[in-house]
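Peer 1: no sequence for this one, just the structure:
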């Protein structure tokens with residue numbers, strides 16, 4: 001089995017994936033990762049603070065190679081293989097690179113963990129989620145830390161089915177989207193359409209007027225929310 005993960009950035013999250021693959025709990029034999037960021041600060045920070053991250057020593061060789069190179073292939077001790085690809089630059093540009101063609105229709109999980117919609121609204125617009133949907137199959141999941149109405153709406157208008165995680169403590173459930181409704185354990189109810197239409201924060205601050213009209217139209221026709 002090949003597991004393809006398209007992530008935003010590189011750092012502790014990437015180390016956790018390597019740990020999971022190295023433990024043998026996963027059935028995956030090959031993990032392919034695409035990381036998007038302006039630079040590799042996540043990796044250099046991990047290396048400089050290794051005493052706080054036990055997984056760093058377990059994957060030091062990989063981290064050092066990844067800092068030096070943008071394409072790394074390694075074999076883990078249990079025989080599992082990892083291919084890592086780094087795309088440097090503005091995500092709004094790099095997501096269109098031809099080198100990503102191999103990921104289309106084959107990406108299993110996307111971790112969308114950029115800065116928040118409040119501080120970086122240009123990374124949370126409908127056109128980006130529509131582009132990401134080109135990489136999805138029915139079981140693909142798109143996960144983020146946000147719980148914002150504008151993010152849920154932009155994802156839905158981008159072609160995704162939208163749900164939420166199981167609540168943890170006092171934290172609001174975050175968003176998980178998928179290529180099909182059946183892939184969601186906790187899908188949003190049809191009533192979310194009313195929530196969206198009443199919201200004063202229904203759109204990213206960077207959403208164009210054309211984008212806003214597109215979201216309104218697609219939300220009303222979306223099979224998850226249409227009455």
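Peer 2: Structure's in. What do you need? Everything numeric here is computed off the predicted structure, so don't read it as measured data.
Peer 1: Verify the stated contact: residue 113 with residue 146.
Peer 2: No: counting by CB atoms under 8 Å, residue 113 does not reach residue 146; the two are 9.4 Å apart. All C-beta atoms are positioned from the backbone trio N, CA, C, and that covers glycine.
Peer 1: Please say which of those two ends up with more neighbours.
Peer 2: residue 146 (19 against 14; other CB atoms under 10 Å).
Peer 1: if I look at the residue nearest the centre of the chain, how far off is residue 57?
Peer 2: The geometric centre of the chain, computed from its C-alpha atoms, lies nearest to residue 111 (CA atoms, centre = their mean), at 2.3 Å. Using CB to CB, to the nearest Å, residue 111 is found at 23 Å from residue 57.
Peer 1: Could you identify the helix or strand that succeeds the least confident helix or strand in the chain by mean pLDDT?
Peer 2: Ranked by mean pLDDT, DSSP states H and E, the weakest helix or strand in the chain is strand 2-8, scoring a mean of 51. Remark: after strand 2-8, the chain's next helix or strand is helix 12-23, criterion DSSP states H and E.
Peer 1: which helices and strands sit right next to that following helix?
Peer 2: Helix 12-23 sits against strand 2-8, strand 30-37, helix 41-48, helix 55-58, strand 81-88, with contacts defined as 3 or more CB pairs under 8 Å, 6 or more residues apart in numbering; DSSP states H and E.
Peer 1: Looking at the third one now, give me its mean pLDDT.
Peer 2: Average pLDDT, helix 41-48: 85.
Peer 1: ok so, going back, if I've got this straight, the residue nearest to the centre of the chain is in a helix?
Peer 2: No: using DSSP: H, G, I helix; E, B strand; the rest coil, the secondary structure at residue 111 is strand, not a helix.
Peer 1: Which parts of this protein are strands?
Peer 2: 2-8, 30-37, 71-75, 81-88, 109-112, 141-144, 161-164, 175-178 (DSSP state E).
Peer 1: which residues of this protein score low on pLDDT?
Peer 2: 1-10, 24, 103-105, 168-169 (pLDDT under 70).
Peer 1: can you do 90?
Peer 2: 1-32, 38-60, 76-79, 97-107, 113-115, 165-173, 226-227 (pLDDT under 90).
Peer 1: For the nearest residue to residue 132 once chain neighbours are set aside, which residues count as its bridge partners?
Peer 2: Spatial nearest neighbour of residue 132, excluding adjacent residues (CB to CB, 6 or more residues apart in numbering): residue 110 at 6.1 Å. With DSSP bridges applied, residue 110 shows beta-bridge pairing to residue 6, residue 142.
Peer 1: I'd say residue 110 and residue 133 touch.
Peer 2: No: when contacts are counted by CB under 8 Å, residue 110 is not listed as touching residue 133 (9.9 Å).
Peer 1: Comparing those two, which residue is more hemmed in?
Peer 2: Taking neighbours as other CB under 10 Å, residue 110 and residue 133 compare with residue 110 leading, 24 against 17.
Peer 1: do you know how far the more buried one is from residue 122?
Peer 2: Relative to residue 122, and taking CB to CB, residue 110 is found at 18 Å.
Peer 1: just residue 40 next, same as before
Peer 2: Applying CB to CB to residue 40 and residue 122 gives a distance of 22 Å.
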